[in-house]
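Participant: build the 3D model from these lines:
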Amino acid sequence: MTTEFSTLTPQNQKPRINITTELRHQNAYTLALNGEYADVAFDEIRAPLNKFCWRRKVFSSPVEIPLDLEIGTGAGTHFAYYCHKNPDRRVIGMELKYKPLIQTIRRALNLGAKNAAVTRFHAFDIEQLFAENELDNIMIHFPDPWVSPRKPKNRTVSALLLNVLYKLQRPGSILEFKTDSLEYFDWSLEEILKTPYKMTFMTKDLHRSEMATQNFETTFEKIFLRQGVKINYLRLEKPTGEFC
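Facilitator: Numbering: from 1, shown residues only. This next block holds a predicted model:
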């Protein structure tokens, strides 16, 4: 196992996705990002300005308050549920697509969440958003498996990105990963061996495991279950006492 960390992108590099304010054709969702929801939704330019101080600037919270991240919120059903269930934690959702991004923050606010914020940002540029040891728990649910065509280098749960996420998390934090793709899951198990994470739980049939009662079924998950697809799940931990 190696504990070397790879930098995904140089610091201060322009995000690899298009800039919302430069879009020639705006719609209700692109406008809402920097309009109606601007206080809790951050585009590619404004989001990096919160690095080092998400708790203070966005949530007016002290540094001791946990700050969690969901990478790829989709339409935000899990994000809204998680925010509502954990009012003592601050939660950021990351999503690339405009409509799901706005749906995500809207769902959370409609449930009365005061601890939610979202950003449109590419996961592989995450070092532009957060400092070392700034994050607590991280959730990655049903990311694109990149199996057709097969492009493992684009997978979120890879040694390259996991080593970066490890740096950004506080000791004692967890990272959980769910996917319907057994190919992706098995590949990720090999990638995890190249990181300092400790695996604390793993199953290839989440709904027949002891974690089933603690699981929230996402929109994608419900679809897969109706199709008889088993859900793969694992939980990693950054051991306490370890600092980057």
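
Participant: use CA for all of it now, contacts and neighbours both
Facilitator: Fine.

Participant: what segments of this protein are helices?
Facilitator: Using DSSP state H, the helices of the chain run over 28-33, 54-59, 77-85, 98-110, 159-168, 182-192, 219-226.

Participant: show me what the fifth one packs onto, helices and strands only.
Facilitator: Counting contacts by 3 or more Cα pairs under 8 Å, 6 or more residues apart in numbering; DSSP states H and E, helix 159-168 packs against helix 182-192.

Participant: so the helix it packs on versus helix 159-168, what angle?
Facilitator: If you take axes from the mean of the first three to the mean of the last three Cα atoms, to 10 degrees, helix 182-192 sits at 60 degrees to helix 159-168.

Participant: now helix 182-192: mean pLDDT?
Facilitator: Averaged across helix 182-192, pLDDT comes to 98.

Participant: show me what it is packed against.
Facilitator: Looks like helix 182-192 contacts helix 159-168 (3+ Cα pairs under 8 Å, 6+ apart).

Participant: give me the pLDDT for the residue lying closest to residue 241 once chain neighbours are set aside.
Facilitator: Leaving aside its chain neighbours, residue 241 sits nearest to residue 171 (6.3 Å; criterion: Cα to Cα, 6 or more residues apart in numbering). Residue 171 is assigned a predicted lDDT (pLDDT) of 97.

Participant: swap in the one 5 residues further on?
Facilitator: At residue 176, the predicted lDDT confidence score is 98.

Participant: swap in the one 3 residues further on?
Facilitator: Confidence at residue 179, expressed as pLDDT, is 97.

Participant: just checking, it touches residue 141?
Facilitator: Yes. Proximity of residue 179 to residue 141 meets the contact threshold set by Cα atoms under 8 Å, at 6.4 Å.

Participant: pick out whichever of the two has more residues nearby.
Facilitator: residue 179 (24 against 21; other Cα atoms under 10 Å).

Participant: give the contact list for the closest residue to residue 16 other than its chain neighbours.
Facilitator: What sits nearest to residue 16 in space, not counting adjacent residues and going by Cα to Cα, 6+ apart, is residue 122, at 7.1 Å. Counting by Cα atoms under 8 Å, 6 or more residues apart in numbering, residue 122 makes contact with 15-17, 94-96.
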